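> Sequence first, predicted model second:
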Amino acid sequence: MKRLSWDQYFMAQSHLLANRSTCPRLAVGATIVRDKRIIAGGYNGSISGGVHCVDEGCYIIDGHCVRTIHAEMNAIIQCAKFGVATQGAEIYVTHFPCLQCCKAIIQSGIKTVYYATDYRNHPYAVELFDSANVKTKKVPFNNFFEHDNQAEKLKLFANIMKKLESAGVEEDEIKELYRQAQNIFSHDV
Ligand SMILES: [Zn+2]
Ligand SMILES: [Zn+2]
């Protein structure tokens, strides 16, 4: 049995939280950790009790959805709400933080930012993290929910599809099967 690393464990938590996002533009999750313990988590969503982008559509101003509070902000605000210190903590985020979240992270005393995916990494955010001595480290997320033999399953699927194509199965039916497989494998098939 392969034991899950702390980095992957916290990163998995952030990816799980991202699935609670209410804005269809981008699903982000953030987990604040102190001494290897999760102290708060957040995802991008509306204020409590507010309408959701997924139900009402986004509220776009200047190309940005203004309805949601970002995942990192939500996690930091959760700490404020319940009186949990963030000084010296670490944050695990699915995407590189935006400029606003970058400033909030620095100001909250968080010392390390682990992110899984680069996302429009703003040069000023990179500069601010540097000058505030906040370390940023890319930790690509290895989705452990996916089985180890995923590659073999994909190969088998591709082979079956080829056979079906050469057997003269309708193109539309093949396309539908590909669509279904994409949902299952969450990968490019
Ligand atoms: Zn939205
Ligand atoms: Zn942000």
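Arrived safely, thanks for sending. Ligands and ions are numbered 1, 2, ... in the order given.

> you'd agree Arg33 is in a helix?
Heads up, residue 33 is Val, not Arg. No: assessed by DSSP: H, G, I helix; E, B strand; the rest coil, Val33 does not belong to a helix; its assignment is strand.

> That one and Pro97, how far apart?
15 Å (Cβ to Cβ, to the nearest Å). C-beta coordinates here come from the backbone N, C-alpha and C atoms, glycine included.

> same thing with Leu154?
Leu154 is 33 Å from Pro97, where distance means Cβ to Cβ.

> Of the two, which one has the most company?
Legend: neighbour count by other Cβ atoms under 10 Å for Leu154 and Pro97, higher for Pro97 (27 against 15).

> Got phi/psi on the more buried one?
phi -60, psi 150 (degrees, to the nearest 10).

> nearest residue to it other than its sequence neighbours?
For Pro97, ignoring the flanking residues on the chain, the nearest one in space by Cβ to Cβ, 6 or more residues apart in numbering is Glu72 at 5.4 Å.

> And Cys53, by the same measure?
Using Cβ to Cβ, 6+ apart, the closest residue to Cys53 is Cys23 (4.1 Å).

> quick one, phi/psi of the residue nearest the centre of the chain?
Closest residue to the average C-alpha location of the chain: Thr94 at 3.2 Å, with Cα atoms, centre = their mean. Here is the backbone geometry of Thr94 (degrees, to the nearest 10): phi -70, psi -30.

> Do I have it right that it meets Ala27?
Yes: Thr94 lies in contact with Ala27 (Cβ atoms under 8 Å); the separation is 7.5 Å.

> Find residues that contact each of these two.
Taking Cβ atoms under 8 Å, 6 or more residues apart in numbering as the contact rule, Thr94 and Ala27 both touch Ala18.

> who are the neighbours in contact with His70?
28, 30, 42, 44, 97-98, 100-101.

> which of these come close to ligand 2?
Checking those against ligand 2 by Cβ under 5 Å from the ion, the ones in range are 98, 101.

> can you pick the most crowded of the contacts of His70?
Ala30 (31 neighbours).

> who touches stretch 18-29?
Everything outside stretch 18-29 that qualifies as a contact, by Cβ under 8 Å, 6+ apart, is 13-17, 41-46, 52-54, 58, 65, 67-68, 70-72, 93-95, 119.

> and it with ligand 1, contact?
Yes: counting by Cβ under 5 Å from the ion, contacts between stretch 18-29 and ligand 1 involve Cys23.

> Many thanks, have a good one.
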